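Novice: Here is the input, now give the coordinates:
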Amino acid sequence: MNTFIKTLLLVVSLSLSANLLASGDHDHGHDEHDEHHEEEPEKGAHSGRLLEDGDFVVELAIFEQDVPPEYRAWATMDGKPLQPSDWKLEVQLTRLGGEVNTFAFKTGQGFLHGQGVVEEPHSFDVKVTATYQNKQHQWTYPSYEGRVTMAADVAAASGLTTAIAGEGVLQERIKLYGNIVADPLRVSHIQARYPGLIRSVKPTIGARVKAGDVLATVESNESLREYPLLAPIDGVVVERHSNPGEFTADRVLFTLLDERVLELHLQAFPADASKIKTGQPITISANGQQAQTKTEYITPRHGETPTLEVHAPVDNSNSLWVPNQAVEGWVDIAQTPVPLMVDNRALQSFRDWQVVFIQIGDTYEIRPLELGRSDGQFTEVLGGLNAGDSYVVENSFLLKADLEKSGASHDH
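Specialist: Just a heads-up that it's a prediction; the model follows:
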C-alpha cells in the first residue's frame, strides 16, 4: 500500500473519530458548534440549554458577550419564572485528565450569575445541581469540543510523537553564515628531507594512511642511500606530486588531511560581533544535517567587508561534512530559564488561538495557550497548559485537520 493511500485512510479514520466525539452537547450562550451531528438540545429564551425535571426547568448558558465566558442561569416552575433568590445552583465541570472546576452562583439582575471564568476549551463532562424549595434536581451530560480519539497503533503509524511539558531554557541566538574548511592543524604538506631520486611511491590519491606509514622511498643525492618518507599524521592523501624516477627537488610531494575534525568559519557583522564570545554553543546545519560545537576563537576577516570570523571545531568522525561546504550557524548568546515551555513543532493555529493537543490515553484535545518569549525552537507558555501534561509534537496537524473536517466552529 503506497504512502498516499495510507494517509487517505488515516484521515478518514480520524474524521470518524472526531465526529463521534463532537456529537456531545457544548452549550454556550450563543450559536452552538457545527460539529454536533446528533439532535441539538432544546434551548430556552436566552439561547441556553434547557434542563427539565418535571415542571422544574433550568436554562443554563455560557455568556461571553463583552465579558470573559461565564455561566448565567434562569429557572421556571410550572412555566412561571422564578426569582433568582428563590433557588440555588451549582455546576461542576470535569475536564479531560480529571481536573474539576466547580462554579457557585449568586443572585444577579434577573438571573443567577456563575462565579468565575469558564476557561477554554469548553470541553468537559457537566454536572448540574439545582435546589428549589428544599428539593434537589440534578443533570449530567457531556459537552466536548476540540477532542479526537485515536488508537495507539494508528497514532504510531501516523507518526505522532509526544513530549512532557515542563521547565526549560530558551536560547537567544544569532544566525550566521559561513563554511566548513580543513583544519590547518590537521593538514600536512610533506617534502623530502634530502633531495634525491624517488625510487618508489606507495599510496594513491584518496588512500587513507596512518602516522608512520611509508609514503615513498628516496635515494639521497649525497649518500646514494635510500630512506623512507613517512606519514607524520593519520589522514587521507589529498595531493600527490611524486612518481618513481622523478627528482624530489624542493616541492611538496604529498598533502595529507585528517578530516575527522574540520574547522567552522562563520562571518559576523559588527552589530552581532560584540555579542559573540568564546565558548558559546553553536548549532550548524546544511542539507538536513546538524552538528553542535562551541566558539573557539574570533579573528578579523581579511578583505574589504567589515566582518569578524568565528572559528569552531567540527567533529567529522562520521564523515557527514566535507571541506568547503556552505553552512548556516546559530550562535547561542544568552540563556533564559522559563518555568514552562513547549516545542514549536507542536503549535497549531485553531480558530483564533495557538494550541497544542494534549494526550491522555487514546484521547487528544486542544489546549489554547497564552504564549511568551520564543527562541525559534521552543516557546514559553504563560497559561493554558500544566507542567507534566503530555502533548503532541510531531504531526499534530493531522489532529487539527481532523477537527476541521468535522466542521467544528466556535462563535465568539
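Novice: Which strands or helices does the longest strand seen in the chain pack on?
Specialist: In the chain, taking DSSP state E as the definition, the longest strand is strand 325-343. Strand 325-343 sits against strand 166-182, strand 261-268, strand 281-286, strand 370-374, strand 378-383, with contacts defined as 3 or more C-beta pairs under 8 Å, 6 or more residues apart in numbering; DSSP states H and E. For glycine as for every other residue, the C-beta is placed from the backbone atoms N, C-alpha and C.
Novice: Report the strands that pair with the fourth one, each with its relative direction.
Specialist: Spelled out, it's strand 370-374. If you go by DSSP bridges, strand 370-374 pairs up with strand 378-383 (antiparallel).
Novice: neighbouring contacts of the partner strand?
Specialist: Outside strand 378-383, the residues that touch it by C-beta atoms under 8 Å, 6 or more residues apart in numbering are 165, 168, 170, 338, 340-344, 347, 369-374.
Novice: So for the longest strand of the chain, mean pLDDT?
Specialist: The average of the pLDDT scores along strand 325-343 is 95.
Novice: Strand partners (parallel or antiparallel) of it?
Specialist: strand 166-182 (antiparallel), strand 281-286 (antiparallel), strand 378-383 (antiparallel).
Novice: Can you check which of these gets nearest to Glu59?
Specialist: Closest approach to Glu59 among those is made by strand 378-383 (30.7 Å; C-beta to C-beta).
Novice: Distance from the chain centre to that closest one, please.
Specialist: Taking C-alpha atoms, centre = their mean, to the nearest Å, one finds strand 378-383 lying 12 Å from the centre of the chain it belongs to.
Novice: what's the helix or strand that it is followed by packed up against?
Specialist: As assigned by DSSP states H and E, the chain's next helix or strand after strand 378-383 is strand 390-392. Helices and strands touching strand 390-392, as assessed by 3+ C-beta pairs under 8 Å, 6+ apart, comprise strand 162-164, strand 353-360.
Novice: And the strands in the stretch 151-300 of the chain, which stretches?
Specialist: Ranges of strands in the stretch 151-300 of the chain, per DSSP state E, counting those that start in this stretch, are 162-164, 166-182, 187-190, 196-201, 208-209, 214-220, 226-230, 235-240, 254-257, 261-268, 281-286, 289-294, 297-300.
Novice: can I see the domain layout of this protein?
Specialist: Following automatic domain parsing, one gets these domains for the chain: 23-145, 149-171+337-405, 184-257.
Novice: pLDDT below threshold where in the stretch 101-250 of the chain?
Specialist: Nowhere does the stretch 101-250 of the chain drop to pLDDT under 70.
Novice: among the helices and strands packed on strand 390-392, which is the most enclosed?
Specialist: Compared across the helices and strands packed on strand 390-392, strand 353-360 shows the largest average neighbour count, a mean of 21 (mean count of other C-beta atoms under 10 Å).
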